[in-house]
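J.: quick one: sequence and predicted model below, then my questions.
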Amino acid sequence: MDLNQYISEVPDFPVPGVNFKDITPLLSHPGAFGWSVDRIAETATRFGASKVAGFDARGFLWAAPVAARLRLPLVPIRKTGKLPRPAVTESYQGEYGAETIELHRDAIEPGESVLLIDDVIATGGAMRAGCRLVEQLGGTVAGCAVVIRLRGLGADERLSAYPVVSLVDY
Ligand SMILES: O=P(O)(O)OC[C@H]1O[C@H](OP(=O)(O)OP(=O)(O)O)[C@H](O)[C@@H]1O
Ligand SMILES: Nc1ncnc2[nH]cnc12
């Protein structure tokens, strides 16, 4: 499956100089979207994950169907201020801005093996912060899975401690 044909590029969005990879065409092609969910579910199984963590907001689009398909628990990593109960927090600088993300303190039991799922890795800032949230709670990162990985923005270095799987690279 060539996912590239379902991903459009929008120059200078959301800020000048960023080539934004738009996954909305992929979402509206059920064969291609289903294929992408299946590939990430296979990754979760291969890595022996006992839990799935998805990133607010686009990461939820893949994390939720993967968790449901595999009958694994799903925990949301949310942007700051959205989780109602005590949470751990990490901040990072992404491709087009600074963000703070959070995970409920009781979302991970020590020793659990977590697959983190997002749509895109660009600088790797969000994914590394998510891995640190899992580790703050005593969990182990089984791996990181994304649909799209952008090369040359430093993600390889930031995520060198973790296995990363992507379905299409640019
Ligand atoms: O590797 P990085 O440079 O950190 O960039 C990747 C992150 O940026 C995007 O999220 P965004 O903050 O745009 O949120 P959204 O999912 O709500 O659109 C994307 O969904 C990743 O989470
Ligand atoms: N270039 C990009 N396209 C889509 N999502 C992104 N998140 C961070 N950088 C991105």
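T.: Sure, I can see it. Ligands and ions are numbered 1, 2, ... in the order given.
J.: burial measure for the nearest residue to V52 once chain neighbours are set aside, as a count.
T.: Among residues not flanking V52 along the chain, A67 sits closest, at 4.3 Å (CB to CB, 6 or more residues apart in numbering). Backbone N, C-alpha and C define where each C-beta goes, glycine included. For A67, the count of nearby residues is 22 (other CB atoms under 10 Å).
J.: residues in contact with A67?
T.: 52, 54, 73-74 (CB atoms under 8 Å, 6 or more residues apart in numbering).
J.: the same query, at a cut-off of 10 Å, please.
T.: 41, 44, 49, 51-54, 73-75, 115, 117 (CB atoms under 10 Å, 6 or more residues apart in numbering).
J.: near ligand 1, which residues of this protein?
T.: Within reach of ligand 1 by CB under 6 Å from any ligand atom, the chain has these residues: 55-59, 94-95, 99, 118-126.
J.: apply 8 Å and report the result again.
T.: 14, 55-59, 79, 92-97, 99, 118-127, 129, 150, 153, 155 (CB under 8 Å from any ligand atom).
J.: now the buried members of the contacts of A67.
T.: Among the contacts of A67, the ones that count as buried by 16 or more other CB atoms under 10 Å are 41, 44, 49, 51-54, 74-75, 115, 117.
J.: as JSON lines, those with distance to V168 would be great.
T.: Shown next, in JSON lines, are the buried ones among the contacts of A67 (distance: CB to CB, whole Å):
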{"residue": "A41", "distance to V168": "17"}
{"residue": "A44", "distance to V168": "18"}
{"residue": "A49", "distance to V168": "21"}
{"residue": "K51", "distance to V168": "25"}
{"residue": "V52", "distance to V168": "21"}
{"residue": "A53", "distance to V168": "21"}
{"residue": "G54", "distance to V168": "19"}
{"residue": "L74", "distance to V168": "24"}
{"residue": "V75", "distance to V168": "26"}
{"residue": "L115", "distance to V168": "18"}
{"residue": "I117", "distance to V168": "15"}
